[in-house]
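Trainee: based on what follows, work out the 3D shape:
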Amino acid sequence: MSVTKEQVLATAALCRLDLRPDAAEDPAEADRRLERLAAQLDAVIGYMDILNQVDTENVEPLYSTLRDPAPPRADLTEKKRTAAEILANAPERRENFFVVPPVI
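Mentor: Modelled structure (predicted):
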């Protein structure tokens, strides 16, 4: 199967990518770019065809890469530092808060 430039442009449109050449671009360069993208997409689809040939008849679906997931840890709060310790290196602070420039 060979991917055409038209298929590349259609796929790009579905992905909301604008691959059309702009007015300043050389038409020959734009054509080479589309040819290169078509060849790359064709290689990806070719690889998918190779994967489709793999026999997966007796293979269980993999839901997690971990054989035995770690048990969840207890949700405990710890107070390790005081507000004064946290704010010690702040360039500017007001009471127990960091002062930052306004964001507009």
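
Trainee: rest of the way, CA atoms for contacts and neighbours
Mentor: OK.

Trainee: mind listing what's buried in the longest helix seen in the chain?
Mentor: Longest helix in the chain by number of residues (criterion: DSSP state H): helix 27-52. For helix 27-52, the neighbour count (16 or more other Cα atoms under 10 Å) marks 34-35, 37-39, 41-42 as buried.

Trainee: that helix packs against which elements?
Mentor: The elements that helix 27-52 packs onto, with contact taken as 3 or more Cα pairs under 8 Å, 6 or more residues apart in numbering; DSSP states H and E, are helix 5-14.

Trainee: residues contacting the helix it packs on, please?
Mentor: If you take Cα atoms under 8 Å, 6 or more residues apart in numbering as the criterion, helix 5-14 is touched by 18-20, 34-35, 37-38, 41.

Trainee: those into a markdown table, with extra columns for pLDDT and distance to Arg67?
Mentor: What follows is the contacts of helix 5-14, written out as a markdown table (pLDDT from 0 to 100; distance: Cα to Cα, whole Å):
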| residue | pLDDT | distance to Arg67 |
| --- | --- | --- |
| Asp18 | 86 | 43 |
| Leu19 | 82 | 44 |
| Arg20 | 79 | 47 |
| Leu34 | 90 | 44 |
| Glu35 | 91 | 44 |
| Leu37 | 91 | 39 |
| Ala38 | 93 | 40 |
| Leu41 | 92 | 35 |
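
Trainee: which among those residues gets closest to Asn96?
Mentor: Closest to Asn96 out of the contacts of helix 5-14 is Asp18 (49.4 Å), distances taken as Cα to Cα.

Trainee: what residues does the closest one make contact with?
Mentor: Counting by Cα under 8 Å, 6+ apart, Asp18 makes contact with Ala12.

Trainee: for Thr11, see how far away it is.
Mentor: 10 Å (Cα to Cα, to the nearest Å).

Trainee: before we move on, what about Met48?
Mentor: Taking Cα to Cα, one finds Met48 at 17 Å from Thr11.

Trainee: try Asn52
Mentor: 21 Å.

Trainee: swap in Asp26?
Mentor: Distance, Asp26 to Thr11, using Cα to Cα: 22 Å.

Trainee: those two - which one has more neighbours?
Mentor: Thr11 (13 against 10; other Cα atoms under 10 Å).
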